[in-house]
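A.B. asks: sequence first, then the predicted structure:
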Amino acid sequence: MTQDDSNSKHDRSAEDIVAQSETGARHLPPTLDKIFWLLLLLWSIFQVWYASPFPFMLNFMVLNEDQAKVIHLAFALLFAYTFYPASPRADHSRILWYDWAWIIVGVCSVGYLIVFRDQLVERSGAATPMDVAIGVLGLISLLEATRRALGKPLLIVASVFLLYTYLGPYMPDVISHAGGSVRKIVSHQWLTTEGVFGVALGVSVSFVFLFVMFGALLERAGAGNYFIKLAFSLLGHMRGGPAKAAVVSSGLSGVISGSSIANVVTTGTFTIPLMKRVGFPGTKAGAIEVAASTNGQLTPPIMGAAAFLMVEYVGISYLEVIKHAILPAMISYIALIYIVHLEAVKANMKGIERSHVPTILERLVTWLTTAIVLMVLSLGIYYGTGWFDSVLGNTGGSWAFMAVMVVLYLALVKLAAGVPDLEIDDPDDPDVTIPEAGPTLKAGLYFLVPVLVLVWALTVKRYSPQQSAFYATVFLMFIVVTHRALIQIFRGEAERWWREIQSGSRHLVDGMVAGARNMIGIGIATAAAGIVVGTVTLTGLGQMMTELVEILSGGSILVMLMLTAVICVVLGMGLPTTANYIVVSTIMAPVIVNVGAENGLIVPLIAVHLFVFYFGILADDTPPVGLAAFAAAAIARSDPIKTGVQGFTYDIRTAVLPFMFIFNTQLLLIGIESVLDLVITIVSAIMAMLVFAAATQGYWLTRTRWWETAALLLIAFTLFRPGYWWDRLYPPVEHMPATQLEETVMELEPGDPLRLAVSGISIEGSDISRTVVLDINNRLDTFEARLSSTGLGIREEGGQYFVDTVTFGSPADKAGLFFDWEIEAVVAQTDRPPKEWMFIPALALLGGLAYMQIRRRQRMEGDGAHVH
């Protein structure tokens, strides 16, 4: 077998992994392929139509969310049975008779909900035998589609939850419940919006599809190759440069792809062989790509579709989700680049020589120019839009902004026309040269214009994610069709413009089809995960899990977090990111919040959801199942288990972050009161992660000794969580008698919450003791008015205070307060020095370690020179 044959064989192995796990491994005959190609295109057109304002403008095909969910799942079921064979041994070249049978059963079961929608609404809660029969068939068809498209793990999870609903009385006491009949289960799961057709599927149809298609269109337009080349041009000359370029390019690609496995294959095909050429072993080359690609799903704005689910589950805006997720993602990537640097230094690697080495002045001018352009663009978008709106009105201002974006796009395309096209390089070519940074940057800057449109729609106009994705996607469609033709025109080759328009139109259609095919698994996953959500709402499993985890953890918040992390990783080994997040956040997020509150730790809900999401992502490179590691190993020709283990060691830094931001929510930019606070938080977090990376790699300025590693870990912990030590010197809170409630409420500053230590008996009959946080309107004049703003009414009996009323949907209700609970104390924050004073001894210790390591390195270099 030749080297080329071997290369193609391994590349096909990686592609096969993506096909089997992401888009389906069946290849249809030409006629059927064209038919289903058109149906995939029709699905994309439907989704764009549903997200657009045209149905309301034209009063045509106006669909509500429930109808859109049904159509969305019908498409997903159709394609799951079309492109995913029943087993690896089944015929992959044609659709068999039983596949057609499953298609008919699945689509008809879903279609029944549209055809008989009015009747189902009229007899809500009183399902007929026909309704139940259709629901049973629908659930079975969904489970079979889940098995085919996503594997057995999610099938098993969904089936276990269905059985748990039915066999409730026979369960162990701690998780037992009254049980449900088949009629009740099917009605809840299939005929209402509490189960399969719940929030998760609604997010899939509203937000996720357009963002997945946005990523597919960017890839078809050439943005993926542009990101790789740009990263390589900027970092390739450094030590371990190709590996650093892999981290950056995988991060950029992961932002738009939303799939760590596809990301590995897209960027890894180029970066992994280059990493091996500069000295990285195949195992480490594959592991670096895996770590970079999985972290791409942690990076806003898409986050593997979890960002949009968090909007619904946490109840905050999309911008808030992005704000909270951005710093952990940023420091995680910075640390990975540093880990790559340490690996390169340990192995004494060299970078690839540039064909043109820019001077310091040239580099300074390039960076300053880039920074100024970005600043001007940002200020122009923010303030220019406000000016347009004030002069032309809201609608006219939006059209004016889009016109400016078109002009900017044309200017950037003209800039790209002045530099050579970016060719797709052969990573096995022995003559590897680093492209010049300036021309490479110019060649694809116009790809950022639709991203600017997206940011404008989200941040300035405050449109919904669905509206924002629609406008950005439509603009990107325009770019896909026109960019190559415009480049030819600007180069003076106008005779080729029509051919390029045709080529761009084909890329547009292919991108829409690719986006639809990428959505099959996500659509099925969100529907199947809805079964878990439906089970929790029907049985009250969430409260039972709180009690169970509290028993297992002994009330320790740290042990409980470790248990949750293990559950997330284990489930994530077989579940796709989206499904894993839905399942674990539904079950475990309330547990962390409740158990934390009972231990006096107030954990913001967004911190909990990011915690479970992070550990679900880590399963992509965790043996023995991590599919991203298998795909990377296929390209690197390395052992997949060793590649996964190595990738997980690189990702330890990512595993530490969720524990840190649970206890120090400033890492999520929560509680930041000034610009100085923001700067200190960012700088200390980055330093902490770099120090932690050095400790886990056993190398900083030179190889570390065991006690130096321990000291580095201590420093990293202190920089991450200075409050741990400060709390032992200065208690963070004090418990004051409930008799001081009125005085405390009236002294609260605007924006300060009210914290109460309460106890009582839950609905299930359990004794509860916890701390609750209530948002209070401190601008009201009287104590009664301020307390009423929380929805809480109290009464006094013999010097004790009790909850008398709780307004439904109020902050008090959301905090979990119940009638007759006792208010034991008012919890007030103490006036103490800033916890950041702990940075001083930590940095002093770090400086001492640096001095000792520099001295030791100098002695080693001197001894080496003397020996020589």
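C.D. replies: Okay, I see it.

A.B. asks: in the helix or strand R857 falls within, what counts as buried?
C.D. replies: Assigned by DSSP states H and E, R857 falls within helix 839-867. Residues of helix 839-867 classed as buried: 839, 842, 846, 849, 853 (neighbour count, 16 or more other Cβ atoms under 10 Å). Where you see a C-beta, it was placed from the backbone N, CA and C, and this is true even at glycine.

A.B. asks: report the contact partners of the second one.
C.D. replies: Same thing as A842. Shown in contact with A842 (Cβ atoms under 8 Å, 6 or more residues apart in numbering): 714-715, 718-719, 722.

A.B. asks: pLDDT below threshold where in the stretch 401-550 of the chain?
C.D. replies: 425-432 (pLDDT under 70).

A.B. asks: give me the buried positions along stretch 95-104.
C.D. replies: Buried, per 16+ other Cβ under 10 Å, within stretch 95-104: 95, 99, 102-103.

A.B. asks: how distant is that stretch from the center of its chain?
C.D. replies: 35 Å (Cα atoms, centre = their mean, to the nearest Å).

A.B. asks: A655 touches L618, doesn't it?
C.D. replies: Yes. If you go by Cβ atoms under 8 Å, A655 and L618 touch, sitting 6.1 Å apart.

A.B. asks: more neighbours: which of those two?
C.D. replies: Neighbours per residue, other Cβ atoms under 10 Å: of A655 and L618, the larger number sits with L618, 25 against 14.

A.B. asks: among the buried residues of stretch 95-104, which pair sits farthest apart?
C.D. replies: For the buried residues of stretch 95-104, the farthest-apart pair by Cβ to Cβ is I95 and W102; their separation is 9.9 Å.

A.B. asks: any residues in contact with both of these two?
C.D. replies: In contact with both I95 and W102: Y81, using Cβ under 8 Å, 6+ apart.

A.B. asks: give me the helix or strand of the protein that scores worst on average pLDDT.
C.D. replies: helix 3-18 (a mean of 48; mean pLDDT, DSSP states H and E).

A.B. asks: buried ones in the helix or strand just after it?
C.D. replies: Once the chain leaves helix 3-18, the next helix or strand it forms, by DSSP H and E, is helix 30-51. Within helix 30-51, the residues that count as buried by 16+ other Cβ under 10 Å are 36-37, 40-41, 43-44, 46-48, 50-51.

A.B. asks: next one: helix 30-51 to chain centre, how far?
C.D. replies: The answer for helix 30-51 is 27 Å, by Cα atoms, centre = their mean.

A.B. asks: how about residues contacting it?
C.D. replies: So helix 30-51 is contacted by 27-28, 55, 61, 63, 68, 71-72, 75, 78-79, 82-83, 94-95, 205-206, 209-210, 213, 466-467, 469-470, 473-474, 509, 512-513, 515-517, 519 (Cβ under 8 Å, 6+ apart).

A.B. asks: narrow these to those in strands?
C.D. replies: Assigned to strands by DSSP state E, none of the contacts of helix 30-51 qualify.

A.B. asks: so which of the residues you listed are in helices?
C.D. replies: 55, 68, 71-72, 75, 78-79, 82-83, 209-210, 213, 466-467, 469-470, 473-474, 509, 512-513, 515-517, 519 (DSSP state H).

A.B. asks: ok, the buried residues of stretch 95-104 vs K835, which is closest?
C.D. replies: W102 (59.0 Å).

A.B. asks: re earlier: in ChimeraX, select just the buried ones from the contacts of A842.
C.D. replies: To isolate the buried subset of those in ChimeraX, counting by 16+ other Cβ under 10 Å, use the following:
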select :715,718,719,722
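
A.B. asks: and the contacts of A842 as CSV, adding distance to M275, pLDDT and secondary structure?
C.D. replies: As requested, these are exported to CSV (distance: Cβ to Cβ, whole Å; pLDDT from 0 to 100; DSSP: H, G, I helix; E, B strand; the rest coil):
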residue, distance to M275, pLDDT, secondary structure
L714, 33, 95, helix
I715, 30, 94, helix
T718, 34, 93, helix
L719, 30, 92, helix
P722, 37, 90, coil
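
A.B. asks: quick check: the farthest pair among the contacts of A842?
C.D. replies: Greatest spatial distance among the contacts of A842 (Cβ to Cβ): L714 and P722, at 12.2 Å.

A.B. asks: how about the strands in the chain?
C.D. replies: 733-737, 754-761, 767-774, 792-797, 800-806, 822-829.

A.B. asks: of all these, which lies closest to G671?
C.D. replies: Using Cβ to Cβ, these put strand 822-829 closest to G671, at 11.2 Å.

A.B. asks: now that closest one and strand 792-797, what's the angle there?
C.D. replies: If you take axes from the mean of the first three to the mean of the last three Cα atoms, to 10 degrees, strand 822-829 sits at 120 degrees to strand 792-797.

A.B. asks: no further questions, thank you.
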